[in-house]
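Engineer: Give me the fold of what follows.
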Amino acid sequence: MKTIDEILTLIERFFEGDTSLEEERWLYNYFKQTKVLPQELEAYREMFLGFDAITLDDASSAEMTGAEPANSLPEVEQAISLTPPKYRTSWKQVVGIAAMIAIIVGSIWSYQTYQNIQLQNIYGGSYMIVDGKRIDNLQEILPQIKSALSLADAYEAPSPTDLINQAEQDLLNHIQDAKERERIQALLNQ
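Structural biologist: Have a look, this model is predicted:
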């Protein structure tokens, strides 16, 4: 009878692929025949019972056909390859994130292109000469264009005096009586 430490060492060798067929069969039989396992070994029971079942299926099918039992490794590999690998999920996430980034970058690029087209429609042909160099880039000269336009708007805005004069003129134009109009005009001019 082997000790728990010897069995754990044998299991470790099994995982490393360093066990003989005899040692593997001993492990299968140990987990199959031992009803009460120590706590350290209980976690391995299902796995070794599964390996034993695969080995039994190969042996029984070989006995029926009269052929030698095949190595169970290809079936184990096939069973493992049927489950989807974890990295596929991460690739789906990576592809999803890349698609989102592409959409965001495309949207930003489209918006900037739209803004440039709008600038061309409004300020196309505008340029500045700075230090003897002509600058046609509308993005670069846009602040100066807006500053010049705001100054022009300020100059075009009517002064308070102009507004008062316009109101007086409107008032006088609406008076039908000529004598009354002259009297009010004289009052306004004082």
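
Engineer: pLDDT below threshold where in the chain?
Structural biologist: 1, 55-89 (pLDDT under 70).

Engineer: can you map out the strands along it?
Structural biologist: Along the chain, counting by DSSP state E, strands occupy 128-130, 133-135.

Engineer: Just put those in CSV and tack on distance to residue 42 and mean neighbour count.
Structural biologist: Yep, even glycine has a C-beta here, placed from its N, CA and C like the rest. Output for the strands of the chain, formatted as CSV (distance: least, Cβ to Cβ, whole Å; neighbours: other Cβ atoms under 10 Å):
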stretch, distance to residue 42, mean neighbour count
strand 128-130, 83, 11
strand 133-135, 80, 10
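
Engineer: mind checking which of these is nearest residue 160?
Structural biologist: strand 128-130 (34.0 Å; Cβ to Cβ).

Engineer: Could you list the paired strands of the closest one along with their orientation?
Structural biologist: strand 133-135 (antiparallel) (DSSP bridges).

Engineer: From the rest of the structure, what touches the partner strand?
Structural biologist: 127-129, 141 (Cβ atoms under 8 Å, 6 or more residues apart in numbering).

Engineer: State the pair within these that is farthest apart.
Structural biologist: Between any two of the contacts of strand 133-135 (Cβ to Cβ), the greatest distance is 10.4 Å, for 129 and 141.

Engineer: how much space is there between the residue sitting furthest away from the middle of the chain and residue 188?
Structural biologist: Note on the chain: the largest C-alpha distance from the chain mean falls to residue 179, namely 81.4 Å (Cα atoms, centre = their mean). Remark: distance between residue 179 and residue 188 (Cβ to Cβ, to the nearest Å) = 15 Å.

Engineer: burial count for residue 7?
Structural biologist: 21 (other Cβ atoms under 10 Å).

Engineer: Pull the contacting residues for it.
Structural biologist: 27, 30, 41.

Engineer: What is the nearest of the residues you listed to residue 158?
Structural biologist: residue 41 (98.3 Å).

Engineer: most neighbours, which of the contacts of residue 7?
Structural biologist: residue 27 leads the contacts of residue 7 on contacts (other Cβ under 10 Å) with 21 neighbours.

Engineer: wait, isn't that residue in contact with residue 45?
Structural biologist: No - Residue 27 is not in contact with residue 45 according to Cβ atoms under 8 Å; the separation is 10.8 Å.

Engineer: Relative to residue 155, which of the strands of the chain is closest?
Structural biologist: Per Cβ to Cβ, nearest to residue 155 of the strands of the chain: strand 128-130, 20.0 Å.

Engineer: Make JSON lines out of the contacts of residue 7 and add distance to residue 149.
Structural biologist: Formatted as JSON lines, the contacts of residue 7 follow (distance: Cβ to Cβ, whole Å):
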{"residue": "27", "distance to residue 149": "88"}
{"residue": "30", "distance to residue 149": "91"}
{"residue": "41", "distance to residue 149": "85"}
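
Engineer: All the helices of the protein, in order from the start?
Structural biologist: 4-16, 21-33, 39-42, 45-65, 73-82, 86-123, 138-156, 160-173, 178-189 (DSSP state H).
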